[in-house]
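>>> sequence? don't have it. structure:
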């Protein structure tokens, strides 16, 4: 699966969970730092977005493909992102004909302790 | 750390070079008034989220608005305090135009003891034709936000 230019800026790479669903992994680097030793909230938001879009493209590919546009995004920041690898995965709550509701979580050491969560609504243009 | 955007000159603010993620995205200071502050995100191919249209991804705009709303609080309380974003919501009214700089204007609605409320608009030159609306809340991880006593504010206004 080809990744967005913005995903390359974040340094995010595609991994797959045991069940084949996509997970995005972002290493810690100078380009994602906020205050010293911590990730910038925008970099975490970006990773959540990339994870959500990757999950959407993965699901849409099974239905003939399509393009997505963000309508809105709400992000909750639960813990500071520290200087280590961050992973994020998107879950599609509903894939409609025109709108998709997606949730995404970002975590570091422990998937059950998310550092941030996002809810996104996307407009879908099916191919 | 003394970093007070409300007392810095525009030249000083314009010379501010953001490090880390903001610097990597090319975010810079744009303008300031007593009750709002603007940052700018120049267009770059590296920010693209949709290669077919050349429209930038949502993430860089969120990153800029997160920074801008945070600065709006420092601009309001006239001092720097470490603060963390509690949540941020963004509504996209239309896509950003490829090739155009996105400007993020932010204002502080209220600074309470430990929580501060902000809102912002992302636009590309015309405030009446916004790209996105943002609402963000921040919290102070330890201690309290400094308070401007209402009487002190009155005295300032009378002076």
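Sure thing, it's come through. The structure displayed is predicted, hence computed values, not measured ones.
>>> all contacts plus neighbour counts: C-alpha atoms, from now on.
Fine.
>>> Residue B:50 is in contact with residue A:4, isn't it?
Yes - counting by C-alpha atoms under 8 Å, residue B:50 does reach residue A:4; the two are 7.1 Å apart.
>>> Comparing these two, which residue is more hemmed in?
Neighbours around residue B:50 and residue A:4, counted as other C-alpha atoms under 10 Å in any protein chain shown, are more numerous at residue A:4. The numbers are 19 against 16.
>>> ok, and the closest non-adjacent residue to the more buried one?
Leaving aside its sequence neighbours, residue A:4 sits nearest to residue B:49 (C-alpha to C-alpha, 6 or more residues apart in numbering or on different chains; 5.6 Å).
>>> before we move on, which element is the one you found in?
Here residue B:49 sits within strand B:48-50, counting by DSSP states H and E.
>>> So which elements touch that strand?
The helices and strands touching strand B:48-50, judged by 3 or more C-alpha pairs under 8 Å, 6 or more residues apart in numbering or on different chains; DSSP states H and E, are helix A:5-10, strand B:55-56.
>>> Which of these has the highest mean neighbour count?
Mean neighbours per residue, mean count of other C-alpha atoms under 10 Å in any protein chain shown, is largest over those for strand B:55-56, with a mean of 24.
>>> residue boundaries of the strands in chain A?
Ranges of strands in chain A, per DSSP state E, are A:13-16, A:22-26, A:66-77, A:86-95, A:99-107, A:116-126.
>>> And the contacts of the second one?
The contact list for strand A:22-26, computed with C-alpha atoms under 8 Å, 6 or more residues apart in numbering or on different chains, reads A:10-17, A:47, A:50-51, A:54-55, A:58, A:85-90.
>>> near chain B, from the residues you listed?
residue A:47 (C-alpha under 8 Å from any C-alpha of the partner chain).
>>> so the residue of chain B found nearest chain A, which of the three states?
In chain B, the residue that lies nearest chain A is residue B:63 (3.6 Å; C-alpha to the nearest C-alpha). Per DSSP: H, G, I helix; E, B strand; the rest coil, the secondary structure class of residue B:63 is helix.
>>> separation between it and residue B:134?
Distance of residue B:63 to residue B:134, given as C-alpha to C-alpha, to the nearest Å: 11 Å.
>>> any low-confidence regions in the chain?
Since no chain was named, I'll use chain A. Chain A contains residues with pLDDT under 70 at A:1-2.
>>> Chain B was what I was after
B:1-3, B:10-11, B:148-159.
>>> ok, residue B:57 - contacts?
A:6, B:47, B:48, B:49, B:50.
>>> Residues of chain A that sit close to chain B?
A:4-6, A:8-9, A:30-34, A:40-43, A:45-47, A:49, A:70-78.
>>> repeat that with 7 Å
Contact residues (C-alpha under 7 Å from any C-alpha of the partner chain) of chain A with chain B: A:4-6, A:9, A:30-34, A:40-43, A:45-46, A:49, A:70-77.
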